[in-house]
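Chemist: Okay, here's the prediction I keep looking at, along with the sequence it came from:
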Amino acid sequence: MCAHVLVAEDDTMQAELIRRSLLAEGHTATVVHDGSAALEAVRRDRPDLVVLDLMLPLVDGLGVCRVLRRDDDIPVLMLTARAAEEDVLLGLELGADDYMTKPYSPRELMARIRTVLRRSGRTGGAAGPERADDPVVRAAGIAVDPERHEVRCDGRPVECTPAEFQILLALAGEPDRVFSRRRLLQCARGLDRSSTERAVDVHIMNLRRKIEADPRRPTRLLTVFGVGYKLSGTRP
């Protein structure tokens, strides 16, 4: 299924290359060159995914991402020429679902876009494991529905990015099992040369803000020091 992708990139040559690659993949694309235009295009066009350059004029990529996560759950793939880990982690903390550092190959970018769209459920494919009777995975008061791409905590809806959703789905599917950061990185988006295991820590931190009564003293999403993380099998 084709998706509509918003490309926010101030480098016109890069933007055109991305646009052509998207069209070759069967998607449609809107291209803008500054952050203000990106926010207006999101409101107007309701894209399925935003490819967002970090260094945009008027409103930078981090500012755009901050507004998007406050108002919407559209998946965001961040592009950055700043390879500093702090920039990448800040983007993930703001809710970016994936990132790529420049320079990158168009083929790899298209592969990443396919992965984010599939995880977000915006291409018609169900994410995560399916069960013949009940697809909902439950643990510790958390219910993760891979068919509807919904999460509930003690009955209340919880908004998750696609990466957060996949991590939570994996943890809830095997409560009390300890997952290494490397394994959770695979669950979130697969391993590649630009991934860092610290990105998992950021996703876990964001999830704790959403499902824990006190994120500083978690009772559901627990750290196993020196190993990784697990979701408690019992309700707190």
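Modeler: Sure, I can see it.
Chemist: I'd like the distance between the one residue sitting closest to the centre of the chain and Thr12.
Modeler: With distances taken as CA atoms, centre = their mean, Asp97 lies nearest the centre of the chain, 2.3 Å away. Using CB to CB, to the nearest Å, one gets 25 Å for the distance from Asp97 to Thr12. Quick note: C-beta positions are derived from backbone N, CA and C, even for glycine.
Chemist: What of Gln166?
Modeler: Relative to Thr12, Gln166 is positioned 34 Å away (CB to CB).
Chemist: Those two: which is more packed in?
Modeler: Gln166 (25 against 10; other CB atoms under 10 Å).
Chemist: What's the first helix or strand after the host helix or strand of that one?
Modeler: Assigned by DSSP states H and E, Gln166 falls within helix 162-173. Using DSSP H and E, the helix or strand that directly follows helix 162-173 along the chain is strand 179-180.
Chemist: Okay, now the sheet partners of that next one, with direction.
Modeler: strand 228-231 (antiparallel) (DSSP bridges).
Chemist: what is the mean pLDDT for the strand it pairs with?
Modeler: The predicted model assigns strand 228-231 a mean pLDDT of 93.
Chemist: what does it rub up against?
Modeler: Applying CB atoms under 8 Å, 6 or more residues apart in numbering, the contact partners of strand 228-231 are 139-140, 142, 168, 171-172, 175-181, 183-184, 200, 204, 220-224.
Chemist: for that strand, the distance to its chain's centre please.
Modeler: Centroid displacement of strand 228-231 relative to its chain, using CA atoms, centre = their mean, to the nearest Å, is 19 Å.
Chemist: quick one: the residue nearest to the centre of the chain and Leu77 touch, right?
Modeler: Yes. Using CB atoms under 8 Å, Asp97 is in contact with Leu77, at 6.4 Å.
Chemist: Now list whatever residues contact both of these two.
Modeler: Joint contacts of Asp97 and Leu77 (CB under 8 Å, 6+ apart) are Val116.
Chemist: All the strands of the protein, in order from the start?
Modeler: Under the criterion DSSP state E, strands of the chain are mapped to 4-8, 28-32, 49-53, 76-80, 98-101, 137-139, 142-145, 150-153, 156-158, 179-180, 221-224, 228-231.
Chemist: Need the winner for burial among these.
Modeler: Ranked by mean neighbour count, those are led by strand 49-53 with a mean of 26 (mean count of other CB atoms under 10 Å).
Chemist: So which elements touch that one?
Modeler: Helices and strands touching strand 49-53, by 3 or more CB pairs under 8 Å, 6 or more residues apart in numbering; DSSP states H and E, are strand 4-8, helix 35-45, helix 61-71, strand 76-80, helix 106-120.
Chemist: Take the ones you listed and write them to CSV, including mean pLDDT and distance to Pro236.
Modeler: Formatted as CSV, the helices and strands packed on strand 49-53 follow (pLDDT from 0 to 100; distance: least, CB to CB, whole Å):
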stretch, mean pLDDT, distance to Pro236
strand 4-8, 95, 40
helix 35-45, 93, 37
helix 61-71, 89, 26
strand 76-80, 90, 31
helix 106-120, 85, 28
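Chemist: Quick check: which of those is nearest to Val158?
Modeler: helix 61-71 (13.8 Å; CB to CB).
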